[in-house]
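*Asks:* Okay, structure incoming, though there's no sequence with it:
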């Protein structure tokens with residue numbers, strides 16, 4: 001990439017991915033299409049700072065499942081930076097690593113609406129907003145049915161002010177003039193599938209069909225993950 005080339009636009013989707021679900025994949029595909037991202041980086045956490053009371057499954061298994069699920073998608077990548085740290089991961093530290101590795105990339109941090117509502121409490125939130133754009137996934141029709149003042153109120157706890165900059169069908173873009181970064185709300189068709197629900201269903205012996213890529217369901221069963229009775233999990 002030359003000095004005058006346009007920057008690559010990349011999304012960051014973090015999580016424990018314990019396991020990765022069709023919901024994760026659908027969110028990534030929809031966000032990529034809505035805001036024209038060149039690629040999306042999946043960042044599996046060693047341990048989320050927001051879920052320290054819920055130790056995730058073996059990192060090797062989670063990474064293997066992620067690699068299998070993303071194999072059909074040439075524009076989806078994996079960064080192992082948080083796994084390599086082997087400690088609680090904070091977004092600001094991950095951003096620093098990614099920006100050092102990819103200095104010619106414009107980054108979009110992807111969040112769900114529930115996560116965004118707590119975003120102002122994150123470590124170094126001001127520095128995060130100085131470094132990246134935010135892409136917040138909302139449900140279909142959410143933006144059209146929401147009073148603009150109510151949406152603006154959701155941003156009052158942020159350390160910067162944002163003003164409506166552009167509005168298209170299913171996408172509203174707010175601009176922070178102080179940082180030059182945007183906050184984009186995108187209506188996304190949801191797949192209400194949570195990793196915790198899958199773990200509980202497997203533990204209870206219930207079907208997880210149509211909740212996971214088939215290869216991930218097979219992996220879970222082959223490696224005895226999330227079973228009710230503690231058993232040795234083959235590496």
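*Replies:* Sure, I can see it. Fair warning: this is a prediction, and the values are worked out from it, not measured in the lab.

*Asks:* all helices of this protein, in order?
*Replies:* Remark: helices assigned in the chain by DSSP state H are 22-34, 59-70, 81-85, 91-101, 113-117, 125-131, 142-145, 148-153, 195-203, 214-222.

*Asks:* Other residues contacting the fourth one?
*Replies:* For helix 91-101, the external contacting residues (C-beta atoms under 8 Å, 6 or more residues apart in numbering) are 12, 14, 41, 43, 79, 81-82, 85, 105, 107, 109, 122-124, 127-128, 131-132. For the C-beta atoms, the positions are set from N, CA and C on the backbone; glycine is no exception.

*Asks:* Give me the buried subset of those residues.
*Replies:* By neighbour count, with 16 or more other C-beta atoms under 10 Å, these hold 12, 14, 41, 43, 79, 81-82, 85, 105, 107, 109, 122, 128, 131-132 as buried.

*Asks:* Quickly name whichever of those is closest to residue 204.
*Replies:* Checking the buried ones among the contacts of helix 91-101 against residue 204 by C-beta to C-beta gives residue 14 as the nearest, at 27.9 Å.

*Asks:* quick one: low-confidence parts of the chain?
*Replies:* For the chain, the stretches flagged by pLDDT under 70 are 1-5, 49-55, 143-144, 146-147, 229-235.

*Asks:* Run through the residues that contact residue 138.
*Replies:* Taking C-beta under 8 Å, 6+ apart, one finds 113, 185-188 in contact with residue 138.

*Asks:* which among those gets closest to residue 223?
*Replies:* residue 188 (30.8 Å).

*Asks:* Test my guess that that closest one contacts residue 32.
*Replies:* No: here residue 188 does not reach residue 32: they are 10.9 Å apart, not a contact under C-beta atoms under 8 Å.

*Asks:* can you redo the contacts of residue 138 as a markdown table with distance to residue 179 and neighbour count?
*Replies:* Formatted as a markdown table, these follow (distance: C-beta to C-beta, whole Å; neighbours: other C-beta atoms under 10 Å):
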| residue | distance to residue 179 | neighbour count |
| --- | --- | --- |
| 113 | 22 | 14 |
| 185 | 17 | 24 |
| 186 | 20 | 21 |
| 187 | 25 | 19 |
| 188 | 25 | 23 |
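
*Asks:* Could you save the helices of the chain as TSV and add columns showing distance to residue 174?
*Replies:* Shown next, in TSV, are the helices of the chain (distance: least, C-beta to C-beta, whole Å):
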stretch	distance to residue 174
helix 22-34	15
helix 59-70	30
helix 81-85	28
helix 91-101	20
helix 113-117	12
helix 125-131	12
helix 142-145	12
helix 148-153	9
helix 195-203	30
helix 214-222	36
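
*Asks:* what's near enough to touch residue 89?
*Replies:* Applying C-beta under 8 Å, 6+ apart, the residues near residue 89 are 14, 45-49, 82.

*Asks:* Residue 66 now?
*Replies:* 17, 20, 42, 44, 78.

*Asks:* so how far is residue 80 from the third one?
*Replies:* Here the criterion is C-beta to C-beta, to the nearest Å. By it, residue 42 lies 10 Å from residue 80.

*Asks:* Over to the second one?
*Replies:* Separation of residue 20 from residue 80 (C-beta to C-beta) stands at 14 Å.

*Asks:* Give me the buried subset of the contacts of residue 89.
*Replies:* Here, 16+ other C-beta under 10 Å leaves 14, 45-48, 82 buried among the contacts of residue 89.

*Asks:* of all those, which comes closest to residue 178?
*Replies:* Distances from residue 178 to the buried ones among the contacts of residue 89, taken by C-beta to C-beta, are shortest for residue 14, at 25.1 Å.
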